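Engineer: Here is a sequence with its predicted model. Questions after.
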Amino acid sequence: NSQYGTAVVGTVSGTSISFGSEYVFNSSAVEITTCAFDPNTAGKFVIAYKDHGNSQYGTAIVGTVSGSTLSFGSEYVFNSASTYRIFGCIFDPNTVGKFVVAYSDVGNSYYGTAIVGTVSGTTLSFGSESVFNSAVSLDVYGAFDPNTAGKFVVAYEDNTNSQYGTAVVGTVS
């Protein structure tokens, strides 16, 4: 479907998976898509992606699952520059509606960057971008500490430092 942003509900039964209908959340080509469910709000999730239909900006949208049906809110830009390697979209299991998106910011020399987002219904809001590595950062992943509110780790390939795997601790406040 022309690489439109598309999602589908899967249902696991034993060792089988069945799928419902496809739902388009962005009617242009999207890339580097990541999805995370809010562990504190049943049926709510966020998809973060590179939106080719909007200058390759980093964009996110709230989705809601009801049975095998999906619905989506409006799209929100979290990085008004070309965004690359969006792999870390992670929810804080200790705080309702709080998540972090980690990515490589092409508009800022591919620096490793993270931003805090807040879900309220189907609306998203974002804080300020925070650079976690002032060098080319690729293959960015993240995870929250389920035992410590607001603490997370971002792991990435530090391209400027011999492509070493590197990690950094972040705090949401």
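Structural biologist: Structure's in. What do you need? Residues are numbered from 1 along each chain as shown.
Engineer: how about the strand or helix carrying residue 101: buried residues?
Structural biologist: For residue 101, the host element (DSSP states H and E) is strand 98-105. Residues of strand 98-105 classed as buried: 98, 99, 100, 101, 102, 103, 104, 105 (neighbour count, 16 or more other Cβ atoms under 10 Å). (Each C-beta comes from the backbone N, C-alpha and C, glycine too.)
Engineer: For the first one, give me the pLDDT.
Structural biologist: Residue 98 is assigned 94 on the pLDDT scale.
Engineer: Not counting sequence-adjacent ones, nearest residue to it?
Structural biologist: residue 92 (4.4 Å; Cβ to Cβ, 6 or more residues apart in numbering).
Engineer: again with residue 95
Structural biologist: In space, residue 95 is closest to residue 149, 6.1 Å off (Cβ to Cβ, 6+ apart).
Engineer: same check, this time on residue 109
Structural biologist: Residue 109 sits nearest to residue 136 (Cβ to Cβ, 6+ apart), 7.2 Å away.
Engineer: Same question for residue 116.
Structural biologist: residue 127 (4.3 Å).
Engineer: which ones are touching the one you found?
Structural biologist: 115, 116, 117 (Cβ atoms under 8 Å, 6 or more residues apart in numbering).
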